[in-house]
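> What shape does this take:
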Amino acid sequence: MKKIIYLLIVTGFSFTANSQVAFSDSLKKHYVDIYRQSVAYNDVRTAIGALHGYVALSNAAQGVPYKDTLAMLYFVNKEFYPSLLLSQEVLKQDPSNTDALARSGECFQALGDPKSAVAALEQITQKVKNPYYNYQLAISQYQLKRISESENNLKVVLADTNSNKIAVVFPMPNGSVQQIPASAGALNILGIMQMETKIMHRLKIL
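Predicted coordinates for the structure are as follows:
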């Protein structure tokens, strides 16, 4: 009798566990379907919610690519803090993820932390040859008054012919921003540096 009861308990437990796994898999598929549909309709908020649901049901390894996509959606939506947190989590589990590393650098930059931005962007420029990252690194270096390093990265941007095709955001005098080629942005910043150098030189003479 005891053996029968034990078998019933084990069988019941296995059935419950299998049912939970099946339900979890079904729910994850449901979240993926919602995500795909919301992307088709360009509905970022719903896509973000669907991915959060999927990640909550996934183990650490399964959730990495979805966390990465979630971080990207937050970044595109200019929600830099959650994007940074997710990107950092992805990097802990996948240190080779250059997209998460680059995104972290830009998030730090957007959140007003140029020192952390430089640390991340210096790593990415060593791993990925792309003038866009050299431009972003130069911006953060300029903010930290690391002028010679910033100037060197801006020259790297100008030396790369692809910089004419890569768009960057440049602040305008009226407070708005405009997308311009990375090469044009580099020239603008170099011009500002030269003006500042001349002004400092005149102040020293006076």
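
> CA atoms for contacts and neighbours, from now on please.
Noted.

> show me what contacts the most centrally placed residue in the chain?
Per C-alpha atoms, centre = their mean, the C-alpha nearest to the average position across the chain is that of Arg103, at 2.4 Å. Each residue near Arg103 by C-alpha atoms under 8 Å, 6 or more residues apart in numbering is listed here: 72, 75, 83-84, 87.

> Gln109: which element?
If you go by DSSP states H and E, Gln109 is part of helix 98-110.

> Okay, buried residues for that helix please.
The neighbour-count check on helix 98-110 (16 or more other C-alpha atoms under 10 Å) flags 98-109 as buried.

> ok, which stretches of this protein are strands?
According to DSSP state E, the chain carries its strands in the segments 167-171, 177-181.

> quick one on the thing from earlier: can you pull the pLDDT of the residue nearest to the centre of the chain?
Looking at Arg103, its pLDDT is 97.

> One more: the one 5 residues further on?
As predicted, Phe108 sits at a pLDDT of 98.

> how far away is it from Ser116?
Remark: distance between Phe108 and Ser116 (C-alpha to C-alpha, to the nearest Å) = 6 Å.

> ditto for Glu196
In terms of C-alpha to C-alpha, Glu196 sits 25 Å off from Ser116.

> Comparing the two, which residue is more hemmed in?
Counted by other C-alpha atoms under 10 Å, Glu196 and Ser116 do not tie: Ser116 has more neighbours, with 17 against 12.

> what about the helix holding Gln109, distance to the chain center?
Between the centre of helix 98-110 and the centre of its chain there are 4 Å (C-alpha atoms, centre = their mean, to the nearest Å).

> so Leu70 touches Gly49, yeah?
No: at 9.1 Å, Leu70 does not count as touching Gly49 under the criterion of C-alpha atoms under 8 Å.

> The two - which one has more neighbours?
Neighbour totals were compared for Leu70 and Gly49, and Leu70 leads with 24 against 15 (other C-alpha under 10 Å).

> can you map out the helices along the chain?
Assigned by DSSP state H, the chain shows helices spanning 2-40, 44-57, 60-76, 80-93, 98-110, 114-127, 131-143, 147-159, 182-205.

> hang on, the earlier thing: packed most tightly, which of the strands of the chain would that be?
strand 167-171 (a mean of 15; mean count of other C-alpha atoms under 10 Å).

> ok, how many other residues are close to Ala56?
11.
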